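# For reference, the sequence and a predicted model appear below.
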Amino acid sequence: MRASFDEEKLCRHGATGFVGASPRAWQWKTGGLKVSDDNKYRALNLEEDEEDDRPVRLCSEAQARWVDDWLESVESGELDVYTCLGLSNTFTWSPDTRKLIFKVLAVTVLQVVIPLIMLSLETADGLTFQPAEANNGFRIIGSALYLYSVYSMYNNALDECRGRLLNFAFRHQLPAGYWVPLVLGEFSNVLVSMVLVLTLYVIFTHLVQPADLILNAVAVNFLGSVDGEFVNEDMKKDALANFKEVTSAVLENPELNHHGVGMGHEDDEEKLTCLDVFLKTLLYSIAVSGIIMSMVFFFASTSEEINIAGPSGKGHSMGTCGCCHQCHKHR
């Protein structure tokens, strides 16, 4: 009733519109208030509002290139269990961490404990650098296989995914749960390479059959790459999801990303840390030592006290005449 009375009163006074303090243009219409067509109502879109509320990406070109390179290295098979464990933020003891911890322990046993036991057994009777076989063909095969094994061990220890992520963790000061497994993986692989390079040479000095050289080289190379062999498709998916989460949290946050666009110093993400330089120096030393030892294997004189050994270890000692003590001449 009140509204009808007001409408009649306005009509009697010839009022046809309303002008107020609002910047909108209002038009009076009998029975209701109508907004003019030039101020059409737009429905609220929650998805658009969420997009507007998201943090502005401060990722520089170098950082975007680093992310792409890391993902490419994963697709090329560089992902290992230590990297997966680091991406799960180890100290949070999340479900991803619990799935990985036993595999990391198994890899540690295979890559560290077993090579040390092998080296101890092979050097129990003394360490010699003189091969047991004097044949030049045998020496050529042994030197070539040894060089290939050193090359494989170097590549196995130099993991791009792990190294790049470790630099990223130090650069952006991530929690220790991210970088401790990566450091463990780096030192573990360097130690494995050192031990396997020496162990394989000692094994080669005890062999006299070319086929045994191949079998032992393949076995030792497997131990060097076992940390990558344990990664399955589920672990890879979890690692990629965790990588996306941590990189988004760091690179899209201006408080954490001090090297992004507009921050005044867009440094390259591939810049090496002191730890990275130290580890690479050790790997280069191992590679140079392997090259030298392959030359020693070819040019060294034949051992006077030599052993016949199959692929499983040492065999029967031989006398100075060059034939086995168990042959018919010495029965």
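Received it, and whenever you're ready, just let me know what you need.
# Need the single longest helix in the chain, by residues.
Ranked by residue count, the top helix of the chain under DSSP state H comes out as helix 176-205.
# Can you spell out which helices and strands pack onto that helix?
Applying 3 or more C-beta pairs under 8 Å, 6 or more residues apart in numbering; DSSP states H and E, one finds that helix 176-205 contacts helix 81-87, helix 114-122, helix 136-157, helix 160-171, helix 210-229, helix 274-299. Glycine gets a C-beta too; all of them are placed from N, C-alpha and C.
# tell me the most buried of these?
When the helices and strands packed on helix 176-205 are scored by mean count of other C-beta atoms under 10 Å, the highest mean neighbour count falls to helix 81-87 (a mean of 28).
# what's next to it, contact-wise?
96-97, 100-101, 103-104, 107, 159, 161-162, 165-166, 169, 177-182, 184-185, 188, 227-228, 230-231, 235-236, 238-239, 242-243, 246 (C-beta atoms under 8 Å, 6 or more residues apart in numbering).
# Quick one: mean pLDDT over the helix or strand just after that helix.
Following helix 81-87 in sequence order, the next helix or strand is helix 95-108 (DSSP states H and E). What helix 95-108 shows for mean pLDDT is 90.
# oh, and call the first residue 26 from now on, that's how I've got it
Let's use 26 as the start, then, which means that last one is helix 120-133.
# Low-confidence ranges, this protein, go.
26-83, 279-295, 330-356 (pLDDT under 70).
# circling back to that earlier point, quick one: closest of the helices and strands packed on helix 201-230 to Ala87.
For the helices and strands packed on helix 201-230, proximity to Ala87 was assessed by C-beta to C-beta; helix 185-196 is nearest, at 11.4 Å.
# Contact partners for the nearest residue to Asn241 once chain neighbours are set aside?
Excluding the flanking residues, the one nearest Asn241 by C-beta to C-beta, 6 or more residues apart in numbering is Ile228, at 5.1 Å. The contact partners of Ile228, by C-beta under 8 Å, 6+ apart, come to Met143, Glu147, Asn241, Val245, Ala334.
# can you tell me which residues contact the spatially closest residue to the first one that is not a sequence neighbour?
In this case it means Met143. Distances taken as C-beta to C-beta, 6+ apart place Thr224 nearest to Met143, at 5.1 Å, with adjacent residues excluded. Contacts for Thr224 were tallied using C-beta under 8 Å, 6+ apart; they are Pro140, Met143, Leu144, Glu147, Val245.
# and which of the residues you listed is nearest to Thr117?
Nearest to Thr117 among the contacts of Thr224: Pro140, at 31.7 Å, using C-beta to C-beta.
# so who does the closest residue in space to the closest one that isn't next to it in sequence touch?
Closest residue in space to Pro140, ignoring its immediate chain neighbours: Val220 at 4.3 Å, by C-beta to C-beta, 6+ apart. Applying C-beta under 8 Å, 6+ apart, we find Val220 in contact with Val137, Pro140, Leu141, Leu144.
# Please produce CSV containing those residues, extended by distance to Ile166.
Shown next, in CSV, are the contacts of Val220 (distance: C-beta to C-beta, whole Å):
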residue, distance to Ile166
Val137, 29
Pro140, 23
Leu141, 27
Leu144, 23
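# Grab the nearest non-local neighbour of Ala194.
Closest residue to Ala194 apart from its sequence neighbours, by C-beta to C-beta, 6+ apart: Trp204 at 3.9 Å.
# how much space between the one you found and Leu248?
Distance from Trp204 to Leu248, counting by C-beta to C-beta, to the nearest Å: 25 Å.
# what's the answer for Asn161, then?
29 Å.
# hmm, back to that, what about the helices and strands packed on helix 201-230, which gets the closest to Arg90?
Nearest to Arg90 among the helices and strands packed on helix 201-230 is helix 185-196 (11.4 Å), distances taken as C-beta to C-beta.
# Return the residues in contact with the closest residue to Pro200 other than its chain neighbours.
Among residues not flanking Pro200 along the chain, Asn114 sits closest, at 6.7 Å (C-beta to C-beta, 6+ apart). Residues near Asn114 by C-beta under 8 Å, 6+ apart: Thr122, Pro200, Gly202, Tyr203, Asn267, Val271.
# switch the cut-off to 10 Å
Asp121, Thr122, Leu199, Pro200, Ala201, Gly202, Tyr203, Pro206, Asn267, Glu270, Val271 (C-beta atoms under 10 Å, 6 or more residues apart in numbering).
# swap in Glu97?
Counted by C-beta under 10 Å, 6+ apart, Glu97 has contacts Glu103, Glu185, Cys186.
# same check, this time on Val313
Taking C-beta under 10 Å, 6+ apart, we find Val313 in contact with Val175.
# quick one: it and Thr108, what's the gap?
From Val313 to Thr108 the distance is 27 Å (C-beta to C-beta).
# Also Glu211?
Taking C-beta to C-beta, one finds Glu211 at 11 Å from Thr108.
# next one: Val245
In terms of C-beta to C-beta, Val245 sits 23 Å off from Thr108.
# can you check Trp91 too?
Trp91 is 15 Å from Thr108, by C-beta to C-beta.
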